[in-house]
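K.L.:
Quick one, structure for this:
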Amino acid sequence: MSQTSFQQQLVDLRHQLFYFALSLTRDRDDAYDLMQESMLRALTYSDKFRENTDFKAWVFTIMKNTFINGHRRNKRTTRVMDHVERVRERVRMVETPATAESTMQASEIQNAMGRLDEIFRTPFTMHHAGYKYHEIADRLAIPVGTVKSRIHQARHRLMHMLA
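P.N.:
Sure thing, here's the model as predicted:
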């Protein structure tokens, strides 16, 4: 098939391609985008078209595959963006603006931690600094279960002091 004949058949299918795209996307703008993308792919891969093959079926298959690939890509992008949004939300919950109130709250927490017994304060501050339970246990030469218990008790005592 000559390039001119190929292009003419593709242009003749334009309306049918649009309605097929509309049935897939259910959105007029997305259907136009899908139709253009499919026609571009058909032109790009025109050398892959074989004589004695149904041209219409070939182009419609390109459109269907383009739609499926785009749908899969959108699902992956949505999952990634959902994860990013969840992380941002967690960061927002942790962040506190540097206001007089937050400074006062921080000083109250520091005062309360200063009133904690040393056996509770040390494992708690180490855990808060990022040490893992087994690292704290090794450094303080106490069992891991004791470390967990003391951190738990430190949290409860701090909550009680700050209530």
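K.L.:
And for residue 147, the neighbour number?
P.N.:
25 (other Cβ atoms under 10 Å). Quick note: C-beta positions are derived from backbone N, CA and C, even for glycine.
K.L.:
With only the CA atoms kept, save stretch 48-59 in CSV.
P.N.:
Provided in CSV are the C-alpha atoms of stretch 48-59 (Å, rounded to 0.1, in the frame of the first residue of the first chain):
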residue,chain,number,x,y,z
LYS,A,48,4.5,-2.6,10.3
PHE,A,49,1.2,-2.9,8.4
ARG,A,50,1.1,-5.9,6.2
GLU,A,51,-0.8,-6.2,2.9
ASN,A,52,-3.9,-8.3,2.8
THR,A,53,-4.6,-7.3,6.5
ASP,A,54,-7.8,-5.5,7.6
PHE,A,55,-6.6,-1.9,7.8
LYS,A,56,-9.6,-0.9,10.0
ALA,A,57,-9.0,-3.7,12.5
TRP,A,58,-5.3,-2.9,12.6
VAL,A,59,-5.9,0.8,13.5
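K.L.:
Quickly find the element holding residue 136.
P.N.:
helix 133-140 (DSSP states H and E).
K.L.:
Can you give me the pLDDT of residue 138?
P.N.:
Per-residue pLDDT puts residue 138 at 93.
K.L.:
Can you give me the distance of it to residue 131?
P.N.:
When distance is defined by Cβ to Cβ, to the nearest Å, residue 138 is 10 Å away from residue 131.
K.L.:
From the neighbour counts alone, determine which of the two ranks first.
P.N.:
residue 131 (16 against 13).
K.L.:
Tell me, how many residues neighbour the nearest residue to the more buried one once chain neighbours are set aside?
P.N.:
Nearest non-adjacent residue to residue 131, counting by Cβ to Cβ, 6 or more residues apart in numbering: residue 139, 7.5 Å away. By other Cβ under 10 Å, 13 other residues sit near residue 139.
K.L.:
Go ahead and confirm residue 139 touches residue 126.
P.N.:
Yes. Between residue 139 and residue 126 a contact is recorded at 7.2 Å, counting by Cβ atoms under 8 Å.
K.L.:
ok, residue 108 touching residue 162?
P.N.:
Yes. At 6.4 Å, residue 108 counts as touching residue 162 under the criterion of Cβ under 8 Å.
K.L.:
Please pull out the lowest mean pLDDT helix or strand from the chain.
P.N.:
When each helix and strand of the chain is scored by mean pLDDT, DSSP states H and E, helix 100-115 comes last, with a mean of 77.
K.L.:
how close does the residue nearest in space to the middle of the chain get to residue 72?
P.N.:
For the chain, the residue sitting closest to the mean C-alpha position, by Cα atoms, centre = their mean, is residue 80 at 2.2 Å. Distance of residue 80 to residue 72, computed by Cβ to Cβ: 13 Å.
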